[in-house]
Structure formats: structure tokens, C-alpha cells
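Engineer: need a 3D model of the sequence below.
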Amino acid sequence: MAYRLVDTHAHLDEIEDTDGALAKAKEAGLAAVIAVGIDVASNVKTLKLSRRYPGLVYPALGWHPENVRDSDIDVNLEFIESNIDKAVAVGEVGLDYHKRIRAVAGKELQKTALRELLKIAKKHDKPALIHSRYAWRDAFDVVYEAGLEIAVFHWYTGTSGVLRDIIIHGYYLSVTPAVEYHEEHRRAVKEAPLDKLLLETDSPVTYARGRENEFQASPADVVRSLRGAAALRGISEAEMAEMTTGNAERLFGIIR
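Structural biologist: Got it, this is the predicted structure:
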């Protein structure tokens, strides 16, 4: 049985056969997808996709920390600010302290960029979609200090202390297919209030539950997020679908 589902975080501009991927996802129950951008070129493509698939694809404009460069701050901020009225969120934005990322974008530069991006989100009353790899405490602190009331911590795998703060302050958490196997992610999904849970795929990322079970995600895999979350929380898939879809529609203002 197909349920009405929302994929709240997908890199549609990176999927080669968008028509095919979305057709397959609609068959699986996809009602909407939040397409996230990671730099100016990606944001341009994401806006084009939202015009190509009206009522199905909703754009979020962002600047991923792996792309942050001091020389590009003005152009990225100006593009997002000037097009924010076309977007349902600011994202993907955040912090990434993986050594590969820090080699090209240091911690302080990432935090400077994130603070400016969150100012845009707050000014225009948009939710922010937060990436926080190995930077869970700093990412939460920057979001909280920015006075942001609405944020989604995407694919959270961080510490229990930061998770408690995310929950206490009413921020959202999104469930990926990694809920099938990743213990830190499962803990976050298990502890979050149901009215603060969303589903996502982060497609076309590759999930690796052992080499024999690797798969490259597409928006249709939001069903895997649904099934994993429902099983973990001990509720029916129908109930989880209704709850998460309602959360997403209210959060992003796409209630139909």
C-alpha cells in the first residue's frame, strides 16, 4: 500500500534521470519533495526543477559547508536573499568538521557563513535545513544563538547531549534510510517527539550497510525511511506516514 509521503531532503539536481526517479517515487506514494541546493549553480538548477514540477518539487536554497569559500560569501548570500521568496527553506547549510572539508573550509569560516545564512532564514521566516557532521554541538549552538525557531537537523548521528538540546528547543529531526542500521541515527529517531519527525532520502547518496547491501538512494527510498521509523517507534506505517507528512506540509507551508 502506498502512503502520501514527503521527501524533505533530496539533491534532485544531482540525479541524472529526474523524470524517471520522480515517476518511480510517485508510484511509491511521494506527494512532494524538498529539493535542496548546495551552491549557486545547484540553487539555479533546483529552482528550475521546481518550475518544471510544480506542486511536486519545492526548492530550498543553500550553501553546503563543503563548498564554503571566503571569496564566494557575497555571491552566495546575495543569490539566496534575492530568490528567497521562491523557496520554502534555507538549506542545505551547516557545519562539517570532517578533515577533508576543514582542509578547504576552516571551522571559523564555516561558522561565519552559517551565521549569515541563518540571518536570511530568520529574516524571511524560513526553516533552515542543518548539516552537522562531526560538528553537532557547534551547529546546534550557532542555530540557537541565531534565535532561529524553526530548524531541521538532517540525518542526525550526534551525541545524546546535543540531541536532548535539539528536542528541548523544539527543532525537527529527519529520518533517512540509515535508520535501518546506524545506531546513533536510530537513537535520534527513537527519542524525537513524533510531531518533530520528518522523512528524507538525501538522494542520490549511497547508503552502506555492509558492501553487500549498499544502494544509491532515490526519492522512492523515502519508503525505507518510513518503514524503518515506524518499526523503531512501534507504530503502523500508516500512522507514521500521516504524522510525518503532516509535519512536513505544515513546516514548509505546502498544505494542500
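
Engineer: my guess is Leu197 contacts Thr176. True?
Structural biologist: No: Leu197 is not in contact with Thr176 according to C-beta atoms under 8 Å; the separation is 11.7 Å. Placement of C-beta: from N, CA and C, glycine included.

Engineer: those two - which one has more neighbours?
Structural biologist: Using other C-beta atoms under 10 Å as the criterion, Leu197 and Thr176 rank with Thr176 on top: 28 against 21.

Engineer: where's that one relative to His154, distance?
Structural biologist: For Thr176, the distance to His154 equals 8 Å [C-beta to C-beta, to the nearest Å].

Engineer: again, but for Ile168
Structural biologist: Taking C-beta to C-beta, one finds Ile168 at 19 Å from His154.

Engineer: what sits against Val189?
Structural biologist: By C-beta atoms under 8 Å, 6 or more residues apart in numbering, the contact set of Val189 is Leu173, Val175, Val179, Leu197, Gly228, Ala229, Leu232, Arg233.

Engineer: is the fourth one in a bridge, and if so with what?
Structural biologist: Listed beta-bridge partners, Leu197: Leu173 (assigned using DSSP bridges).

Engineer: got a pLDDT number for it?
Structural biologist: Looking at Leu197, its pLDDT is 98.

Engineer: and if you look at the fifth one?
Structural biologist: Among the per-residue scores, Gly228 shows a pLDDT of 98.

Engineer: so which helix or strand takes in it?
Structural biologist: According to DSSP states H and E, Gly228 maps onto helix 222-233.

Engineer: what residues of that helix count as buried?
Structural biologist: Using 16 or more other C-beta atoms under 10 Å as the test for burial, helix 222-233 gives Val222, Val223, Arg224, Ser225, Leu226, Arg227, Gly228, Ala229, Ala230, Leu232, Arg233.
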